[in-house]
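Q: this is the structure alone, sequence omitted:
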């Protein structure tokens, strides 16, 4: 039975663009349809920088209704709408204030695929998150449906005035251009290996799609009812939409006790205020606010508590957003050491993520003295926390040898 392949690459035009998503389409289009789908033959539908969410929905619905295996390749960027704080795939005309009306709600993808047979659908994702969405992902998962196989990565926002490339998806396409499609789990691991150290900060998605946990570790939420077409009115025009709803979208498990955070919490959530400061470029203010809550959490719960470590991780990301890889790397190293000292296992996801993100930020350090200092600490941690990427410790040691030659 022939398969179906949907190639979707989308990102906003103009300064809101985080990733040049459409740049991967020529590489994917060069792959034979049967290799893309894993079937003998396949029908391929390509959507490059679509304008309307309803048009994407129509193509997605048709693909979901087709018999045989379905593979959906998605490259683009995630943003939250201001009203419900739900993730959307940004389209060509999306701006921060119009996400709800010009972007594709992610739950539309899940809903259109939910009736397909287990094992018949594979999603391959290469997504970049903006600042707010990256913070939202601390306490929530990107729900793609438990029956669908999902592989890929969600990358943090690139540095300011930089447009990223869909490196993971390009690696997938390059592997497939050989004319042979390995099992999707192997394809995923090979693509991650090609991305290398640049992908250590990413949230890796890997779910075989047998009704198990959703990638990201959170339980699936209740199903959404399909929505009618929305009025084409930007967010923020009515008084009700001017105020953010639900702060930054963190789940209840990730919202820490307000008394430990050092404020009454009845009106505002500190994550929301921090996000506003970052968006407006007030990085010192954002870090000062996070530092205040970190110290309050340490005082109330202890240095190795989840409450305190949460705020340390927030500060590590804030340093990354501010373009300070030295501070970000040092903070992630401190988080990893604190988690190990608290008795967490070396292969615990939170420990591995902290070391991976320290490794990624270390790769951005340009000062040789700082790089040598942080690299020695990273090498020591990598010997205890090798992580799931092959060759991570070897990479640190090779780079340290090169740094020694620089004096």
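A: Nice, I can see it. Since the model is a prediction, treat every value here as computed from it, not as a measurement.

Q: so the closest residue to residue 321 other than its chain neighbours, which state does it fall into?
A: Once flanking residues are discounted, residue 321 sits nearest to residue 278: 5.4 Å by Cβ to Cβ, 6 or more residues apart in numbering. Any C-beta I mention is one placed from the backbone N, CA and C, and that applies to glycine too. Put simply, residue 278 is helix when judged by DSSP: H, G, I helix; E, B strand; the rest coil.

Q: number of residues surrounding residue 278?
A: The burial count assigned to residue 278 is 21, neighbours taken as other Cβ atoms under 10 Å.

Q: then residue 43?
A: Around residue 43 there are 16 residues (other Cβ under 10 Å).

Q: what does residue 128 give?
A: 28.

Q: surely it touches residue 75?
A: No - with contact defined as Cβ atoms under 8 Å, residue 128 does not count as touching residue 75 (9.0 Å).

Q: quick one: common contacting residues for these two?
A: Common neighbours of residue 128 and residue 75, using Cβ atoms under 8 Å, 6 or more residues apart in numbering, are residue 19.

Q: the residue nearest to residue 321 and residue 77: what is the separation?
A: To residue 77, residue 278 is 16 Å away according to Cβ to Cβ, to the nearest Å.

Q: what's the answer for residue 334, then?
A: The value you get for residue 334 to residue 77, if Cβ to Cβ is used, is 30 Å.

Q: who's more crowded, these two?
A: Neighbours per residue, other Cβ under 10 Å: of residue 334 and residue 77, the larger number sits with residue 77, 29 against 18.

Q: what helices or strands is the helix or strand harbouring that one leaning on?
A: Assessed by DSSP states H and E, residue 77 sits inside strand 70-80. Here strand 70-80 touches strand 3-9, helix 33-37, helix 53-65, strand 87-89, helix 106-113, strand 121-129, helix 131-136, helix 167-176, going by 3 or more Cβ pairs under 8 Å, 6 or more residues apart in numbering; DSSP states H and E.

Q: the inter-axis angle of the last one versus strand 70-80?
A: In other words, helix 167-176. Following axes from the mean of the first three to the mean of the last three Cα atoms, to 10 degrees, one obtains 170 degrees for the angle between helix 167-176 and strand 70-80.

Q: what lies in contact with the helix or strand just after helix 167-176?
A: Remark: after helix 167-176, the chain's next helix or strand is helix 184-195, criterion DSSP H and E. Residues from elsewhere that reach helix 184-195 (Cβ under 8 Å, 6+ apart): 38, 122, 124, 149, 151-153, 167-169, 171-172, 174-176, 181-182, 199, 202, 204, 206, 208, 389-390.

Q: which members of these are classed as buried?
A: Burial by neighbour count, 16 or more other Cβ atoms under 10 Å: within the contacts of helix 184-195 this picks out 38, 122, 124, 149, 151-153, 167-169, 171-172, 174-176, 181, 199, 202, 204, 206, 389.

Q: show me the helices in the stretch 301-407 of the chain, by range?
A: In the stretch 301-407 of the chain, the helices defined using DSSP state H, counting those that start in this stretch lie at 306-321, 325-341, 349-362, 368-384, 392-405.

Q: spatially central residue for the protein, please.
A: residue 154 (2.6 Å; Cα atoms, centre = their mean).

Q: would you list every one of the helices in the stretch 151-300 of the chain?
A: Per DSSP H, counting those that start in this stretch, the stretch 151-300 of the chain carries helices over the ranges 167-176, 184-195, 258-261, 270-279, 283-301.

Q: let me have these in CSV, extended by mean pLDDT and distance to residue 89.
A: Converted to CSV, the helices of the stretch 151-300 of the chain look like this (pLDDT from 0 to 100; distance: least, Cβ to Cβ, whole Å):
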stretch, mean pLDDT, distance to residue 89
helix 167-176, 94, 14
helix 184-195, 90, 20
helix 258-261, 36, 32
helix 270-279, 82, 20
helix 283-301, 92, 27
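
Q: can you redo these as CSV with distance to residue 67?
A: Shown next, in CSV, are the helices of the stretch 151-300 of the chain (distance: least, Cβ to Cβ, whole Å):
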stretch, distance to residue 67
helix 167-176, 23
helix 184-195, 20
helix 258-261, 52
helix 270-279, 44
helix 283-301, 51
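
Q: tell me which of these is the most buried.
A: Ranked by mean neighbour count, the helices of the stretch 151-300 of the chain are led by helix 167-176 with a mean of 23 (mean count of other Cβ atoms under 10 Å).

Q: distance from that one to the middle of the chain?
A: Mean C-alpha position of helix 167-176 versus that of the full chain (Cα atoms, centre = their mean, to the nearest Å) differs by 18 Å.

Q: give me the contacts around that helix.
A: Contacts with helix 167-176, where a contact means Cβ under 8 Å, 6+ apart, come from 23-24, 27-28, 30-31, 35-36, 73, 75, 124, 126, 152-153, 155, 182, 187, 190-192, 194-195, 198-199, 202.

Q: swap in stretch 279-293?
A: 131-132, 261-263, 270, 273-274, 277-278, 311, 314-315, 318-319, 321-322.
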